[in-house]
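A.B. asks: Fold the following, please.
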Amino acid sequence: MDRIIYTAAGGAARVLEQQAVISNNMANVSTTGFREQMAIYRSVPVEGQPGLPTRVSTATATSSSNFQQGVMAETGHALDVAITGDGWFSVQTPEGEAYTRAGELAVNQDNLLVTQQGLPVLSTDGAPVEIPDRGSVTFSSDGQITALGAGDNPSDIQMIGQLKLVNPPAGGMVRGDDGLFRVAAGQAAQADPQVRMVSGFIEKSNVNPAEAMVGMIANARRFEMQMKVIQDASTNAERANSILSSNG
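C.D. replies: Coordinates of the predicted model:
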């Protein structure tokens, strides 16, 4: 079979992969702190005897993310927090420490500070943050947590810990199947005292819905073009076989 079919089929496969990535981005337009996923590909020359300099195939080069900050939305909720600029919140997962920009926090039945997925948020000492029973919580810009217990006087406010805010190099971060990020080397990132946050706000997804929709339409057209190439190649092969048969 002519190599053009393999080339076009490879291109179509890459388009389908990118369409899946864009569809996932569209599904997370409203997900707090979501980072747009990006599919990057590179051209690969088709080698053979003789060489085919006019034909190229494609291969997945890397799956990366757009780390640009999303829009900040004010909620007024005491447990809603957002990082300003670069940085991440640290959370505990069954697979170890992970990082997220989603700051819609809550207090679970064990009085632990957790994410909306129920993952404990970590303090600078690497432990979950325990909140006093029915206590009101406030956060400072560097992640320090103070709480006032139910019925306590304002003078009884207590310092209960500090959120572990990290800022590892973006190039060393990998996205897991759970949507959380981890350091590629598998190590826990060190707390960064330069990271700043604000309470009463959440960071929205950084996916641009209009751009994602345009990307989906463009991908659909690319896929149609690849299929047209395969169809034309098949038609040309049938015609060639017909001519050879008639001459025979």
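A.B. asks: Quickly list the domain ranges of the chain.
C.D. replies: Domain assignment of the chain by automatic domain parsing yields the ranges 3-67+207-247, 72-203.
A.B. asks: worst average pLDDT in those?
C.D. replies: Across the domains of the chain, domain 3-67+207-247 has the smallest mean pLDDT, namely a mean of 82.
A.B. asks: quick one on the thing from earlier: give me whichever of the domains of the chain is most buried.
C.D. replies: domain 72-203 (a mean of 16; mean count of other C-beta atoms under 10 Å). Backbone N, C-alpha and C define where each C-beta goes, glycine included.
A.B. asks: for it, the distance to its chain's centre please.
C.D. replies: Relative to its chain's centre, domain 72-203 lies at 18 Å (C-alpha atoms, centre = their mean, to the nearest Å).
A.B. asks: now the end-to-end length of it.
C.D. replies: For domain 72-203, the first-to-last residue distance is 5 Å (C-alpha to C-alpha, to the nearest Å).
A.B. asks: Helices of the chain, start to end?
C.D. replies: Taking DSSP state H, the helices of the chain run over residues 3-27, 209-247.
A.B. asks: tell me the angle of the first one relative to helix 209-247?
C.D. replies: For helix 3-27 and helix 209-247, the angle between their directions (axes from the mean of the first three to the mean of the last three C-alpha atoms, to 10 degrees) works out to 160 degrees.
A.B. asks: As CSV, the helices of the chain with distance to Gly149 would be great.
C.D. replies: Formatted as CSV, those follow (distance: least, C-beta to C-beta, whole Å):
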stretch, distance to Gly149
helix 3-27, 41
helix 209-247, 43
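A.B. asks: out of the ones you listed, nearest to Ala98?
C.D. replies: helix 3-27 (18.5 Å; C-beta to C-beta).
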